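# quick one, what's the 3D model for this:
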Amino acid sequence: MKRSAESAESAKKRGKFELEESLRSNFTPAVEAAAASAEMAAACCGLVRRRRNGNSKYQQQPLPHVGSQQPATNDFSRLHTVLCLTELQTAATEILADILPCRDIRFHYNEESPIVAGQVAETFSNGYLRVLASAQDLVHLDANSLRQPEAAAVFGSAPSGYQGIALPIREQGATHCLVTLVAPEVVEQHRMTLEAFKRQLETTCTRLVRLAAMGFPGAAGKQQQQSASSESGGPEVDGAKHNSSALVRRDSQSHPILALCAELYDQDSGSLQLKVINYLKSRIGCETGFLLLVSQDRAHVFCQVVGNSVLQEEVHIGLRLWCDCEIPELVSEFFLEKTHPANTPFQAHKNFFAVVIQNNKSYYLEDIPKEQLDDIVSVLGGSVDIRSLLCVPVTSRGVGQVVAIACMVNKTSAANFKQSDVDIIHECFRYTSTVLTSTIAFQTERMLKNQTQALLQVAQNIFRKLDDLTVLLREIMAEARNLTQAERCSVFLLDKETNELVAKVFDGLPTTSNEKEQPVEIRIPANHGIAGYVATKGEMLNIKDAYSHPLFYSKVDEDTGFRTRNILCFPIQDESGTIVGVAQLCNKINAAHFSNFDEDIARAFSVYCCISIIHSLMYKKVQAAQARHQLATELMTYHMHVPDRGIEELTSAPTKRMEDFCPNFDSFVSVPRHVADSDTCQAVMFMFDDLSLTKQYRIHRTTLARFVLLARKGYRDPPYHNWSHAFSVAHFTYLCLKNLRLENYLTPLEYFSFLVASLCHDIDHRGTNNSFENSSGSALSGLYSSEGSVLERHHFSQTVCILNREGCNVFENLSEKEYSAVLDIIRDIILATDLAHHLKIRKDIEAMVSQKKFDVHNQQHRYLLLCLLMTASDLSDQTKVWKNTRQVAKLIYQEFFSLGDKEKSLGKQPAEGMDRDKADIPQLQVNFLNIIAAPVYKAMEQIWPNECGVLCKQIERNISNWKTIRQKLENKEVEKTDRTIFEECLVSDDE
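Numbering: from 1, shown residues only. This next block holds a predicted model:
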């Protein structure tokens, strides 16, 4: 009997040992799965978790909206404490309802699975269920498939448009459970969440299978316990007891860690820590305890719970950790314990918690000098007299690093803590550390998500106020107060010219005595005070006691009666570090001082502030520029105004014959510069009449007169590119239209547009060229440099402006489509006056002319012809008699040399033709006529030999005359001066 009793006792101990080991193997994957659960919950919140070098990093990543639905935040931790079939179905149903709007959630079980042994459950009753259960992954049925008879038997009669989902829950190759449901819309984000949920269910199913193998048949065991309780008159299980399984209640004394794990279902890290600390206090037997958690950046530890209380504000203690290469030899020996025994006391100036983390070993009170107890006393708040102490580092098996320090204070059952107490702490956190750290991480990310949403709302609010800087600054101050829960906020802008901080708006201290008056600026040197330090150094200052800080200026408090307790001052800077201002927050509400979290929020908020302030200042500059532009436009419009008297005089002037303007007015040998300046506008109107344009397009006389007078007024007065040049070009265009019968070569709109474009082709010319405009960075260059031909595009723009003036549009009787086509034609013709453009298309013109196959129906041919004729008109002064050509050359070089002088004043070397000290005028003229002008008129001669022969002959005579002058200058027959070249008769005008 004795031997039998000993055998029974031995078997009992062996069974207990095997049960403990089995529980460890069963609950370890469960608590480790909490990390994945928190990760998935974070993903559902729009947070993506990334692992780098073993550390968990979170990065905000918003999920896309799908219609009006967005996947809700899901918490799979409800599955962690499931130990029976009933709890499995209840928790799974609640989680599925959170994931997506669904209905008809059904659970089907494999009748051979151990998790349903002895229980009533719906099994795989038909073939279609077994087909779904055999799938490896989630099965998604569309609305059409769901209406099939075999699917309807499983999913039920779903409403129209609903879709079906089947989740096969597998473990070691066998399907134990099949979950089916229907939902109105299943998107990709839902599928991802359901896949994660499926994996969690499989982990839970694995635990139930193992528990069943241990002799705890899920709900059956639970029902037996409830029945026994009822028979004995015990109370029914409800509330928190309902969440504890029969397994936990039956073995809570022999396996208390199981009871603790069953209770770790809270989503709040403070509640979880309370339960863990109370468990340790009970098991070890001590007065109080607390848990110090290591921050994600491992720069500090923080405490949220002490004893039975959750702290209103976290206690943060900085860490000073060194790597081996950074530790001096003596310190390295201390940390690495090369020469010191294990119980060597700490040196007073070392950080205690940093050493615990560094060495990853437990320490007792006798190991710690009195000077090092300050950090622990700061956590306890000085309310506990420390008689004994045990500090144990908690290591996460997932990352292999110390994630917390468990501190137990004042052993009650003995004088000091023992190694067995250390073992209890290690055993506790072997099962709970992952749940704690995952919950804290999830809670932190949830808080970050809320703050991110708040920041987005802040950005929306402040970016609506960009039109008024003062209003924007007030909005920034209000949002900063709300985000950090501060009493007051001040914003200073940095004036880099004066190196001062400027406050237009000062919270709590108005900068103006009258709200209707402009606010008075408050200026302080950029290197004075707290704000000056932050503006100079670009560093944030979190001052917990304002009056103890040397930079604090208390005179403001004395003047205003406001008491400053603490300050958070941060720079407003962009991502490149450029500081535009400083924001200063005063007095944290409902807290002793601003927290590290407030600092993080301030850093993020400063980016929004910087962007909004920069854009507001830029917007103000743009508004000022627009105002200046509007003023300039109004001034130009005023000065471009043509008095009604001038229009009346032009329209009522006696009609002149063409001979009255100049001899041979309609011939290529005529000289338009001989027409009196006072007659030029009337001559232009005569050209419109003579070409029948006025009659054909029903142009009112007053409209034509106003257009001509405004075009004349649009020309400036440089030596050459003035109204006289415009009239000469328009006259040559008139000669081409009249003598070359261009109505047979051009469309009517091209014919009409050619004359208008020639009259306006150089409007508002400044006596410069495109190269100078681009190199000098002029306003015109800023407008047109990206398109090329800066001046020509400006001339076209001014032409359109004149046409848009009331009573000036000579094309007013055209249709909208025709008017649009006319503007395109005028633009192309004016752009053709750029010689750079002419040189690009010269080969195309020569090819068209040499083939003698001009096709009037070919738009490209007509375009090349218009470009050729416009260039010929622009250079037409070179086709006139020598006296006219010589005088025009004088005007051209006056303008060129003036431009060259401007370039020299800018430190640039002008081209030879524009440098009055280097220009060889006769040779430059010979080269220009031979290379540029002569080929143009020879091309015209090939098309119209009879009409244009005279032009080529005059060009040849002018070339010969320039050569003669150059020869006389080389032979030193005359002195080389501008007066000699242009005014003395070195060549007879009749030659």
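# which stretches of the stretch 351-500 of the chain form strands?
Secondary structure of the stretch 351-500 of the chain (DSSP state E, counting those that start in this stretch): strands at 363-364, 389-396, 401-411, 486-495, 500-503.
# OK, contacts around Leu82?
Leu isn't right for residue 82; it's Val. For Val82, the contact set (CB atoms under 8 Å, 6 or more residues apart in numbering) comprises 88, 91, 204, 207-208. For glycine as for every other residue, the C-beta is placed from the backbone atoms N, C-alpha and C.
# and it, how far is that from Trp944?
Distance from Val82 to Trp944, counting by CB to CB, to the nearest Å: 100 Å.
# again, but for Ala97
Separation of Ala97 from Trp944 (CB to CB) stands at 90 Å.
# same question, Val974
In this view, Val974 and Trp944 are 39 Å apart by CB to CB.
# go on, Gln304?
For Gln304, the distance to Trp944 - CB to CB - is 97 Å.
# those two: which has the busier surroundings?
Using other CB atoms under 10 Å as the criterion, Gln304 and Trp944 rank with Gln304 on top: 21 against 16.
# so what secondary structure elements neighbour whichever strand or helix holds that one?
Here Gln304 sits within strand 300-306, counting by DSSP states H and E. Counting contacts by 3 or more CB pairs under 8 Å, 6 or more residues apart in numbering; DSSP states H and E, strand 300-306 is packed against helix 269-280, strand 286-294, strand 309-318, helix 374-380.
# name the residues that touch that strand?
For strand 300-306, the surrounding residues in contact (CB under 8 Å, 6+ apart) are 269-270, 273-274, 277, 288-295, 310-311, 314-319, 353, 357, 379-381, 405, 596.
# pairing partners for that strand, with directions?
Paired with strand 300-306 in the same sheet, following DSSP bridges, are strand 286-294 (antiparallel), strand 309-318 (antiparallel).
# out of those strands, which is closest to Phe429?
strand 286-294 (9.4 Å; CB to CB).
# from the chain's centroid, how far away is the closest one?
With CA atoms, centre = their mean, to the nearest Å as the basis, strand 286-294 stands 44 Å off its chain's centre.
# could you do stretch 975-991 as well?
Relative to its chain's centre, stretch 975-991 lies at 68 Å (CA atoms, centre = their mean).
# what's the answer for stretch 927-940, then?
Chain-centre distance of stretch 927-940: 56 Å, with CA atoms, centre = their mean.
# ok, stretch 529-537 next?
Mean C-alpha position of stretch 529-537 versus that of the full chain (CA atoms, centre = their mean) differs by 29 Å.
# pull out the buried residues from it.
The neighbour-count check on stretch 529-537 (16 or more other CB atoms under 10 Å) flags 529-536 as buried.
# cool, stretch 907-917 as well?
Residues of stretch 907-917 classed as buried: 910, 913-916 (neighbour count, 16+ other CB under 10 Å).
# what about the residue lying closest to Leu167 once chain neighbours are set aside, which SS state?
Here the nearest residue to Leu167 in space, its sequence neighbours aside, is Val179; by CB to CB, 6 or more residues apart in numbering that works out to 4.3 Å. Classification of Val179 using DSSP: H, G, I helix; E, B strand; the rest coil returns strand.
# Val179 reaches Cys102, doesn't it?
No. Counting by CB atoms under 8 Å, Val179 sits too far from Cys102 to count as a contact (10.5 Å).
# those two: which is more packed in?
Taking neighbours as other CB under 10 Å, Val179 and Cys102 compare with Val179 leading, 22 against 19.
# gap between that one and Gln954?
According to CB to CB, Val179 and Gln954 sit 99 Å apart.
# try Gln923
For Gln923 relative to Gln954 (CB to CB), the value is 20 Å.
# okay, those two: which has more neighbours?
Using other CB under 10 Å as the criterion, Gln923 and Gln954 rank with Gln954 on top: 20 against 17.
# so the more buried one is in which element?
Using DSSP H and E, Gln954 falls within helix 945-970.
# if you count neighbours, what's buried in that helix?
947-948, 951-952, 954-955, 958-959, 961-962, 965-966, 968-969.
# so for it, mean pLDDT?
Mean pLDDT, helix 945-970: 93.
# beyond that helix, next helix or strand please.
Sequence order places helix 978-982 as the next helix or strand after helix 945-970, per DSSP H and E.
# what residues does stretch 652-671 touch?
Against stretch 652-671 from outside (CB under 8 Å, 6+ apart): 672, 674-675, 679, 682-683, 686, 690, 731, 734-735, 738-739, 879-881, 884, 947-948, 950-951.
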